[in-house]
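Chemist: Predicted model and sequence follow; I will ask about them next.
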Amino acid sequence: MVNRYVLAASIIVCGFSAWADNHTAGASTDSADAPVTEPEVDLSAAEKIFKKSCRACHGNKAQGAASYPNLSDLEPAYIVEMLERYRSGERIGPNSILMIQNAKKLSDQEIASLSVYVTTAFD
Ligand code: HEC
């Protein structure tokens, strides 16, 4: 589990540098592989947001407590989906209002970065 997340994170990071290389060199014609629309992952930005806006509820290590769900054991793609749904104002559980307020402020890039950060930083 743990290693898989670290691997996923490095694939994402390497994927972006590969993309940048390809484009600088003008070498790639394989559009299926080019993550042009993927937001870039910035783990240090995510750490700042997490410490400021998430950990008070979700815990120092995103471990969760009582009605605040654990985040560190979730799949990054699931976290992205949930944050997008909260951002759109959707009510999912009984305490969604707490998340809607927080998710509203997040950009696509911040959501992508947070999803990798909370699943890899506390292993
Ligand atoms: C005020 C407390 C609070 C803050 C701050 C907060 N959350 Fe939450 N979070 C919750 C609660 C409560 C839920 C469950 C909401 C519901 O009932 O739908 C939740 C749900 C979630 C979920 C869905 C989990 C699941 O298992 O479906 C994710 C992902 C999440 N939060 C991420 C974040 C991130 C990232 C931040 C920081 C930007 C953050 N939260 C800030 C309280 C909070």
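Modeler: All right, it came through fine.

Chemist: Can you classify the residue of the chain found nearest the ligand as helix, strand or coil?
Modeler: Closest to the ligand within the chain is Gly93: 2.3 Å, counting by Cβ to the nearest ligand atom. (Each C-beta comes from the backbone N, C-alpha and C, glycine too.) Of the three states, Gly93 takes coil under DSSP: H, G, I helix; E, B strand; the rest coil.

Chemist: Show me the helices in the protein, by range?
Modeler: Using DSSP state H, the helices assigned to the chain run over residues 2-25, 43-49, 55-58, 76-87, 96-103, 108-120.

Chemist: Tell me if the third one is near the ligand.
Modeler: Pointing back at helix 55-58 there. Yes - with Cβ under 6 Å from any ligand atom as the criterion, the ligand is reached by helix 55-58 at 56-58.

Chemist: average pLDDT across that helix?
Modeler: Helix 55-58 shows an average pLDDT of 98 in the prediction.

Chemist: what helices or strands is that helix leaning on?
Modeler: Judged by 3 or more Cβ pairs under 8 Å, 6 or more residues apart in numbering; DSSP states H and E, helix 55-58 is in contact with no other helix or strand.

Chemist: Now tell me what touches that helix from outside.
Modeler: For helix 55-58, contacts defined as Cβ atoms under 8 Å, 6 or more residues apart in numbering pick out 62, 64, 68-71, 98, 118.

Chemist: Please apply the same query to the fifth one.
Modeler: When contacts are taken as Cβ under 8 Å, 6+ apart, the neighbours of helix 96-103 outside the stretch itself are 53-54, 57, 82-84, 86-87, 89-92, 111.

Chemist: Among those, name the buried ones.
Modeler: Buried members of the contacts of helix 96-103, counted by 16 or more other Cβ atoms under 10 Å: 53-54, 57, 82-83, 86-87, 111.
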